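Student: here is my input, please return the structure:
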Amino acid sequence: MFNGGKKNQAPEKSKDFGAAIRRLSRELRGAKILVILAIIFSVGGSVLTILAPNKIATLTDEISKGLFGPIDINAVWAAAIFMILLYGGAALFELAEGLTMAQASNGFAKELRRRISRKINRLPLKFFDNNQTGDILSRVTNDIDTVAQSLDNSLATLTSETSIMLGTIIMMFITNWTMALVAVGASILGFIGVGAILGKSQKYFSMRQKELGKLNAHIEEIYSGLLVVKAYNGKRESDKKFDRLNKRVYTANLRSQFLSGIMPPIMIFIGNLGYVAVCVTGALLVTNNVITFGTIMAFIVYVRLFTSPLSRIAQSMSSLQAAAAASDRVFDFLDENEMSDQKEIETRVDKEKIRGDIEFDHVHFGYNEDKTIINDFSAEAKAGQKIAIVGPTGAGKTTMVNLLMKFYELQDGDIRIDGISTRRMTREDVHSLFTMVLQDTWMFAGTLRDNIVYNRKGVSDEEIMKICKTVGLEHFVKTLPKGLSSEISESDSISAGQKQLITIARGMVEDAPFLILDEATSNVDTRTEELVQKAMDKLMKGRTSFIIAHRLSTIKNADLILVMNEGDIVESGTHDQLMKQKGFYAELYNSQFSL
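Tutor: Alright, predicted model coming up:
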């Protein structure tokens, strides 16, 4: 929990910005129509905006005639009305573009969340073993929000401003090529500056998203284990690590924002330089009667239209950099290797017809290819038998249960249920055959009734209360203000034992031919354990049951005890048989009663 961080950590190498943008554009296919509409609206508004300066020149020339003679009021009114229509139309286009782009970006974010939600259910448990929960949550929340906000703020803006810039260049050369060269030449410096800054800042945008994910992972870890942190006075160490991670996020934010933030001032300076160049050049041309004063006014507006997009384009590119960095993390998640495909599996299992025989045939497995956990596991369980799996911590007991449930794929060997290989069965079919009660309890926000009948339909309150009475939950239910309808969650002040009893009740509601108990009574007191054990005996009747237990006194009546050590079955038999052997099991059993 308190792993130290490296000082002066260099930013991780970011992916190619162009490649990230190309991937992002491909992923936008679902919102392509809306994006195209937004682009059309933005271009339409840009075209109307570009046409306005010519009318400004007309107005200026007509007004300047008033210095030497009468003013053509009709021409002034015509130009003014035309400009009002142009600017009004441009405003409507911008409104339509904003609404359309907002719908496109938020729709894209919604689709990404949907894809991630489906992806999570297709990822192997190995992925979650190797990645922190907080970092995964950061991708689902922060990174997707960053992509959506950046696209909303930048994509249409980038299109409209680019079209304004290109249209302005065309109109400037049509109006006067000499002044157009002066205006464009003064702005080329801006392009050079923007390009240089973009090359430097992208790695810091990527670094910011990665470091934010690490910070969120640390926060989630500390909040989940807050009692441990307090009990071991770990606040100081956790605060130190938080400060280190927070400083890295701050540093990455500062560098990325600084580099992107210096672009607008550069563009403002270039724009002002363009104004000066146009004014000086225009004054010389007016003096030589090459152009009119209205042309200078039109070019001043053109320079504003030309340089202002440069500033906005720079800001949009900063937003796109953030979107590219965030989308890299989202798409990396979506590109993760999924569990093996089940399309070719045609075998369907009816749990009502299952006898209950299970055979482990020379099973080999390791979480990593270079480290084997289960070496050569072979065993056979007959229908209705009570099978206990015991052994020291790390012997592979829970791993065998995970393989039985097909949470992980076998490296070698086979597991057969009623003679049918689990390789030929879908994971859903395998899961439907088992009722599983784990050592780790799990509550979700909802009513007590919802927590007990989780994913089951048509279970009456009478059945639930009967089960609650069987496992010893009846008194707890009656103490709640609304009984089974009371809202509970993982954060409520419910004892570990009560949570375990709720989990056991949930298991009893499930009607499956196989039962797995992984230290199911570890969190209840001795008196409650006796009550639960009796309930378990009723639950196990007629079912093939696998029990993982460290308290060996609870599995003395098992039909078969498999003793595991370092991934192998070292002994097997009944309790009495194993005690007579005076081997590994006897040593484990006696050690629990030694003083």
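
Student: quick one: Thr426 and Ile345 touch, right?
Tutor: Yes - the pair formed by Thr426 and Ile345 meets the contact definition of C-beta atoms under 8 Å, at 5.3 Å. All C-beta atoms are positioned from the backbone trio N, CA, C, and that covers glycine.

Student: out of these two, which sits in the more crowded spot?
Tutor: With neighbours defined as other C-beta atoms under 10 Å, Thr426 and Ile345 compare such that Thr426 has more, 17 against 14.

Student: from the centroid of the chain, which residue is nearest?
Tutor: When the chain is reduced to its mean C-alpha position, the closest residue under C-alpha atoms, centre = their mean turns out to be Val140, at 2.2 Å.

Student: how near is the spatially closest residue to that one that is not a sequence neighbour to Ser256?
Tutor: Here the nearest residue to Val140 in space, its sequence neighbours aside, is Ile116; by C-beta to C-beta, 6 or more residues apart in numbering that works out to 5.5 Å. According to C-beta to C-beta, to the nearest Å, Ile116 stands 25 Å off from Ser256.

Student: which one's more surrounded, those two?
Tutor: Neighbour comparison, Ile116 and Ser256: the larger count goes to Ser256, with 25 against 17 (by other C-beta under 10 Å).

Student: give the contact list for the more buried one.
Tutor: Residues near Ser256 by C-beta atoms under 8 Å, 6 or more residues apart in numbering: Ser201, Tyr204, Phe205, Met207, Arg208, Gln321, Ala322.

Student: just Ile170 next, same as before
Tutor: With C-beta under 8 Å, 6+ apart as the criterion, no residue contacts Ile170.

Student: helix, strand, or coil at it?
Tutor: Three-state assignment for Ile170 (DSSP: H, G, I helix; E, B strand; the rest coil): helix.

Student: what pLDDT is listed against it?
Tutor: For Ile170, the model assigns a pLDDT of 80.

Student: relative to Ser160, how far out is it?
Tutor: Noted for Ile170: a distance of 16 Å to Ser160, by C-beta to C-beta.

Student: do the same with Arg114
Tutor: The spacing between Arg114 and Ser160, counted by C-beta to C-beta, is 29 Å.

Student: who has more neighbours, these two?
Tutor: Shown here are Arg114 and Ser160; by other C-beta under 10 Å, Ser160 has more neighbours (28 against 10).

Student: can you mark which positions in the one helix or strand the more buried one maps to are buried?
Tutor: Assessed by DSSP states H and E, Ser160 sits inside helix 144-175. Neighbour counts over helix 144-175 (16 or more other C-beta atoms under 10 Å) mark 144, 146-165, 167-169, 171-172, 175 as buried.

Student: what does stretch 315-334 give?
Tutor: Within stretch 315-334, the residues that qualify as buried are 315-331, 333-334, counting by 16+ other C-beta under 10 Å.

Student: the helix or strand Leu137 falls within packs against which elements?
Tutor: For Leu137, the element it lies in under DSSP H and E is helix 133-138. In terms of contacts (3 or more C-beta pairs under 8 Å, 6 or more residues apart in numbering; DSSP states H and E), helix 133-138 is packed against helix 177-224.

Student: and the helix it packs on with helix 144-175, angle?
Tutor: Orientation note: helix 177-224 sits at an angle of 180 degrees relative to helix 144-175 (axes from the mean of the first three to the mean of the last three C-alpha atoms, to 10 degrees).

Student: by contact count, what packs against helix 177-224?
Tutor: In terms of contacts (3+ C-beta pairs under 8 Å, 6+ apart), helix 177-224 is packed against helix 133-138, helix 144-175, helix 235-261, helix 263-287, helix 293-334.

Student: centre of the chain to the third one, how far?
Tutor: By that I understand helix 235-261. Taking C-alpha atoms, centre = their mean, to the nearest Å, one finds the center of helix 235-261 at 21 Å from the center of the full chain.

Student: per-residue confidence averaged over that helix?
Tutor: The predicted confidence, averaged over helix 235-261, sits at 83.

Student: and what of the first one?
Tutor: If you average the pLDDT over helix 133-138, you get 79.

Student: could I get the buried residue list for it?
Tutor: Of the residues in helix 133-138, those scored as buried under the neighbour-count criterion (16+ other C-beta under 10 Å) are Gly134, Asp135, Ile136, Ser138.

Student: contacting residues around stretch 424-436?
Tutor: Around stretch 424-436, the neighbours that count as contacts under C-beta under 8 Å, 6+ apart are 339, 342, 345, 347-349, 351, 354, 401, 404-406, 417, 422, 507-508, 510-516, 518, 539, 543.

Student: okay, how far is it across that stretch, tip to tip?
Tutor: Terminal residues of stretch 424-436 are spaced 22 Å apart (C-alpha to C-alpha, to the nearest Å).

Student: flag every buried residue along that stretch.
Tutor: Under the neighbour-count criterion of 16+ other C-beta under 10 Å, stretch 424-436 has Met425, Thr426, Arg427, Asp429, Val430, Ser432, Leu433, Phe434, Thr435, Met436 buried.
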